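Enquirer: when you get a sec, could you give me coordinates for this:
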Amino acid sequence: MNKQLKYRHELKFFINQHQFYLIRQRLKSLMSQDSNVGATGEYHIRSLYFDDVSNKALHEKLGGIRDRVKYRIRIYNVQDNVIHFEKKIKFNDYIAKVKEPISRATYEAVIAGNFEILNEPDKPLFMELYQEMKHKLLRPKVIVDYVREPYVCPSGNVRITFDKELRTGLHATDIFNKDLQAVRAIDENLIILEVKYDEYIPEYIRAAIQLEGLNRQSASKYVMCRKFLKFNTWEDY
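Expert: Sure thing, here's the model as predicted:
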């Protein structure tokens with residue numbers, strides 16, 4: 001474990017619409033909404049995930065490897081004012097994230113295959129990405145698209161999110177395409193509940209979401225979208 005990174009707990013669950021309404025109703029009086037939400041109490045997330053020539057990230061997840069990383073470019077509400085290149089790190093039951101902001105021009109260059117633009121020795125994440133792209137053929141693989149309803153609590157630094165309408169784009173890599181023909185990647189009745197926290201979850205929040213009664217899942221949106229493409233296109237891995 002890299003001691004310089006901030007690792008957090010992350011729990012994921014599949015819940016149905018009925019469970020969503022019950023849990024959300026309880027949380028509304030206990031937690032605050034994230035300050036980034038719009039009028040609907042939600043925001044839209046679209047990520048472009050990368051993998052190497054051997055699909056290492058995909059196969060490690062499917063193979064149950066506990067320590068692994070994923071790379072992605074993430075935007076919000078299909079806008080280009082905030083664009084991040086991110087590395088998500090999984091270590092045992094902990095997660096950490098390293099990210100760097102990028103410009104729209106840098107995004108366009110990377111998508112066009114000009115990874116030399118990331119050759120910046122003073123930015124370790126860019127250098128790591130540059131080496132992965134140059135030597136392991138790290139390339140865009142799939143778009144992951146969903147709507148998030150987030151709640152936060154300073155005690156324990158708890159963040160609970162409901163991720164809805166998980167979709168992916170067939171053969172698509174342009175995350176700024178407002179006309180992206182995104183298609184459902186999971187059953188429309190399912191919502192992904194994510195619970196993230198530092199050291200502990202306050203007991204009143206644990207009781208409100210009835211944590212022990214939920215069915216914990218290994219719910220990787222990246223893998224779900226890749227699997228959807230495999231079974232609905234000619235993609236092979």
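Enquirer: show me where pLDDT drops low in this structure?
Expert: Confidence mapping of the chain against pLDDT under 70 gives the ranges 1-3, 230-237.
Enquirer: the longest strand in it is where?
Expert: Here the longest strand in the chain is taken by residue count, with DSSP state E as the criterion, and it is strand 139-153.
Enquirer: if I look at N177, how far off is V152?
Expert: The span separating N177 from V152 equals 31 Å under the rule Cβ to Cβ, to the nearest Å. All C-beta atoms are positioned from the backbone trio N, CA, C, and that covers glycine.
Enquirer: what residues are up against P154?
Expert: Residues in contact with P154, defined by Cβ atoms under 8 Å, 6 or more residues apart in numbering, are absent; none qualify.
Enquirer: measure A182 to V78 for me?
Expert: With Cβ to Cβ as the criterion, A182 and V78 are 11 Å apart.
Enquirer: same question for F176.
Expert: F176 sits 6 Å away from V78 when distances are taken as Cβ to Cβ.
Enquirer: counting neighbours, what do you get for the nearest residue to Y94 once chain neighbours are set aside?
Expert: Sequence neighbours aside, Y7 is the residue nearest to Y94 in space, at 4.0 Å (criterion: Cβ to Cβ, 6 or more residues apart in numbering). Other residues within reach of Y7, judged by other Cβ atoms under 10 Å, total 18.
Enquirer: looks like Y7 contacts N92 (just checking).
Expert: No - with contacts defined as Cβ atoms under 8 Å, Y7 does not count as touching N92, sitting 9.0 Å away.
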